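Peer 1: got a structure for you, letters missing:
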Ligand SMILES: Nc1ncnc2c1ncn2[C@@H]1O[C@H](COP(=O)(O)OP(=O)(O)OP(=O)(O)O)[C@@H](O)[C@H]1O
Ligand SMILES: [Mg+2]
């Protein structure tokens, strides 16, 4: 067996100031094997990957790649040896075109010059293989997060690698896009190429992976064949206790929301080609899910309600009153907040501390006589670090040094701490581990019971089904249908997203 190994890691350790990120981790990956790497937020997955790709140096242990001992010192070195990586933080260059991003560092040369024609054609093909046809000459930052992720995938696939590493490459993709990627992975596998796959979506691991290595607080918690472990055991190993309490509870449907006042209503919202006549009501204390495929207009609608996008036709009403001259400031004053899907560009201040990031939205309420009440501020920070289990050495740690999932938790906490009246959550649990996800879902339920309205955008069917009082499905820019109470099941929702209205026609 071992002679087929493409990668061997032995006893690797890594220390950051105040954090032992990895402690004596060993694993072997064979040619053609798809290995899941899993663990809670902050368990050490991305650190291990960055060690493998030469971004971080390790203190102890050894790594063998393709039969040779390596001590990677730079990302370029490992790329040359045949490791292609899609990092958790998509690292595209915003002011370059899609095509340039896909070919960066490996532009085809013709007659001593970059062959732009080939760059364009190649990029188009690479994306087409992933089921995407877009104008590759547009700037990359004009694409949605999901499409940027697809471009990052296309770029990684443009290399002749022996090992592909995908650190949460599917986190902003929906089911359809993910399946495309899985087809590609199956193809790599057939060609004997190994894949290390990180995802917090359990169903994906069971679909595509042969085996799984679990990290717990930087230590190896075991490696198993997928076929010999079930969901429950896997999650239990990952969190270090029995998973029964966090797997698959469905919340109680609320029946009283119909009597509650309408907090927010949108009427016949239109926006160019993207939205064509959306109608939706969100009542006080109601959790309304917004489902749909990529590009169905969910984020566009969210930004309109939040007052960030003002170029639309139709009406937004708050407490029954039409919003004139919408703006973000006005929305926030009215108690509407938006937790965006793209945390890197819209959410978090990486250089600032956890504390400052978390309390930015409540700063004003913390002022007394022009001074920030430090004690009160610290109390809020402590409360949320506890409540949703943010893994950080302290409140004063820079957000930059937290793991991806923990950064996401900081942003979420920021908006929750502001005690809004309507909170729009755009993929709030992206990149968040199953345990923490359960905590966050619980917190959202609690807020709703306190009267806060929630608009919940998610590509994760199960999450919507578990948590929403009502789910509206967007399709091609308008509300295709809605599910209430007992109608809310994964099957019904999946059918509706795909465009079949089973809830009305009745299933067989
Ligand atoms: N550059 C850094 N400086 C200091 N500490 C770091 C740095 N990078 C990671 N850490 C710490 O190392 C630990 C492991 O983080 P890592 O990013 O590897 O987790 P992860 O398993 O990828 O989590 P996630 O699921 O949230 O992405 C965390 O405690 C994190 O705070
Ligand atoms: Mg990570």
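Peer 2: All right, it came through fine. None of the values given here were measured: they were computed from a predicted structure. Numbers count the residues shown, from 1 in each chain. Ligands and ions are numbered 1, 2, ... in the order given.

Peer 1: What residues does the residue of the stretch 401-508 of the chain found nearest ligand 2 make contact with?
Peer 2: Taking CB to the ion, ligand 2 has its nearest neighbour within the stretch 401-508 of the chain at residue 404, 4.4 Å off. The way it works is simple: take the backbone N, C-alpha and C, and place the C-beta from them, glycine included. Listed by CB atoms under 8 Å, 6 or more residues apart in numbering, the contact set of residue 404 reads 41, 46, 88-89, 168, 431.

Peer 1: Kindly report the same for residue 227.
Peer 2: Applying CB under 8 Å, 6+ apart, no residues qualify as near residue 227.

Peer 1: How about the residue in the stretch 401-508 of the chain positioned nearest to ligand 1: what's its closest non-neighbour residue?
Peer 2: In the stretch 401-508 of the chain, the residue that lies nearest ligand 1 is residue 405 (2.7 Å; CB to the nearest ligand atom). What sits nearest to residue 405 in space, not counting adjacent residues and going by CB to CB, 6 or more residues apart in numbering, is residue 41, at 3.0 Å.

Peer 1: Show me the helices in the stretch 1-150 of the chain, by range?
Peer 2: Using DSSP state H, counting those that start in this stretch, the helices of the stretch 1-150 of the chain run over residues 45-52, 75-81, 98-103, 116-129, 145-157.

Peer 1: for the shortest one, packing partners?
Peer 2: Translated: helix 98-103. helix 116-129, helix 145-157 (3 or more CB pairs under 8 Å, 6 or more residues apart in numbering; DSSP states H and E).

Peer 1: still on that earlier bit, which one of the helices of the stretch 1-150 of the chain has the most crowded surroundings?
Peer 2: Among the helices of the stretch 1-150 of the chain, helix 98-103 has the highest mean neighbour count (mean count of other CB atoms under 10 Å), at a mean of 26.

Peer 1: hmm, who's touching it?
Peer 2: Residues external to helix 98-103 that are found in contact with it (CB under 8 Å, 6+ apart): 92-93, 119-120, 122-124, 126-127, 134-140, 143, 151, 154-155, 158.

Peer 1: Could you look up the SS state of the residue in the stretch 251-400 of the chain positioned nearest to ligand 1?
Peer 2: Using CB to the nearest ligand atom, the single residue of the stretch 251-400 of the chain nearest to ligand 1 is residue 391, 5.5 Å away. Assigned by DSSP: H, G, I helix; E, B strand; the rest coil, the conformation of residue 391 is coil.

Peer 1: Touching, the residue of the stretch 401-508 of the chain closest to ligand 1 and residue 434? I think so.
Peer 2: No. Between residue 405 and residue 434 there is no contact under CB atoms under 8 Å: 10.8 Å.

Peer 1: tell me, what residue is most central in the protein?
Peer 2: residue 430 (2.8 Å; CA atoms, centre = their mean).

Peer 1: Am I right that it is in contact with residue 171?
Peer 2: Yes. If you go by CB under 8 Å, residue 430 and residue 171 touch, sitting 5.0 Å apart.

Peer 1: can you pull the contacts of the residue lying farthest from the centre of the chain?
Peer 2: Using CA atoms, centre = their mean, the residue of the chain lying farthest from its centre is residue 111. It sits 42.6 Å away. By CB under 8 Å, 6+ apart, the contact list for residue 111 is empty.

Peer 1: now residue 328
Peer 2: 306-308.

Peer 1: out of these, which is most surrounded?
Peer 2: Neighbour counts for the contacts of residue 328, by other CB atoms under 10 Å, peak at residue 306, which reaches 23 neighbours.

Peer 1: Skip the chain neighbours and tell me the closest residue to it.
Peer 2: Nearest to residue 306 is residue 338, by CB to CB, 6+ apart, at 4.0 Å.

Peer 1: Am I right that the one you found is in a helix?
Peer 2: No. Counting by three-state DSSP, residue 338 is not part of a helix but strand.

Peer 1: Can you get me a residue count around it?
Peer 2: 24.

Peer 1: do the same with residue 60
Peer 2: Neighbours of residue 60 (other CB under 10 Å): 13.

Peer 1: ditto for residue 288
Peer 2: Neighbours around residue 288, by other CB under 10 Å: 24.

Peer 1: State the distance from it to residue 318.
Peer 2: 15 Å (CB to CB, to the nearest Å).

Peer 1: same deal with residue 484?
Peer 2: Distance, residue 484 to residue 318, by CB to CB: 23 Å.

Peer 1: Residue 431 reaches residue 169, doesn't it?
Peer 2: No. The criterion here is CB under 8 Å, and residue 431 misses it with residue 169 at 11.2 Å.

Peer 1: Tell me the residues that contact both of the two, please.
Peer 2: Common neighbours of residue 431 and residue 169 (CB under 8 Å, 6+ apart) do not exist.

Peer 1: Residue 353 and residue 400 touch, don't they?
Peer 2: No. Applying CB under 8 Å as the test, residue 353 and residue 400 come out as separate, 9.9 Å apart.

Peer 1: So the two - more neighbours on which side?
Peer 2: residue 353 (19 against 12).

Peer 1: Look up phi and psi at the more buried one.
Peer 2: Main-chain torsions, residue 353, degrees, to the nearest 10: phi -70, psi 160.

Peer 1: Name the nearest residue to it, sequence neighbours excluded.
Peer 2: Nearest to residue 353 is residue 396, by CB to CB, 6+ apart, at 4.9 Å.

Peer 1: Please name the spatially closest residue to residue 222 (chain neighbours excluded).
Peer 2: Nearest one to residue 222, counting by CB to CB, 6+ apart, is residue 214 at 5.4 Å.

Peer 1: Tell me the spacing between the one you found and residue 208.
Peer 2: For residue 214, the distance to residue 208 - CB to CB - is 17 Å.

Peer 1: swap in residue 52?
Peer 2: Taken as CB to CB, the span from residue 52 to residue 208 is 20 Å.

Peer 1: now residue 226, nearest residue through space, not along the chain?
Peer 2: Residue 226's closest residue in space is residue 209 (CB to CB, 6+ apart), at 5.4 Å.

Peer 1: So the one you found versus residue 429, what's the distance?
Peer 2: 21 Å.

Peer 1: neighbour-wise, which of those two wins?
Peer 2: For residue 209 versus residue 429, the count of surrounding residues by other CB under 10 Å is larger for residue 429: 25 against 22.

Peer 1: Does that one touch residue 442 like I think?
Peer 2: No. Residue 429 is not in contact with residue 442 according to CB under 8 Å; the separation is 11.9 Å.

Peer 1: residues in contact with stretch 68-77?
Peer 2: Contacts for stretch 68-77 (CB under 8 Å, 6+ apart): 51-55, 57, 62-64, 78, 81, 85.

Peer 1: let's go with 6 Å and repeat that
Peer 2: 53-55, 63, 78 (CB atoms under 6 Å, 6 or more residues apart in numbering).

Peer 1: so which of those comes closest to ligand 1?
Peer 2: Out of those, the member with the shortest distance to ligand 1 (by CB to the nearest ligand atom) is residue 55, at 9.5 Å.

Peer 1: Need the pLDDT of the closest one.
Peer 2: The score at residue 55 is 92. That number is its pLDDT.

Peer 1: Name the nearest residue to it, ignoring sequence neighbours.
Peer 2: Going by CB to CB, 6+ apart, residue 55 has residue 75 as its nearest residue, at 5.7 Å.

Peer 1: Looking at that neighbour now. What's its pLDDT?
Peer 2: Reported pLDDT for residue 75: 86.
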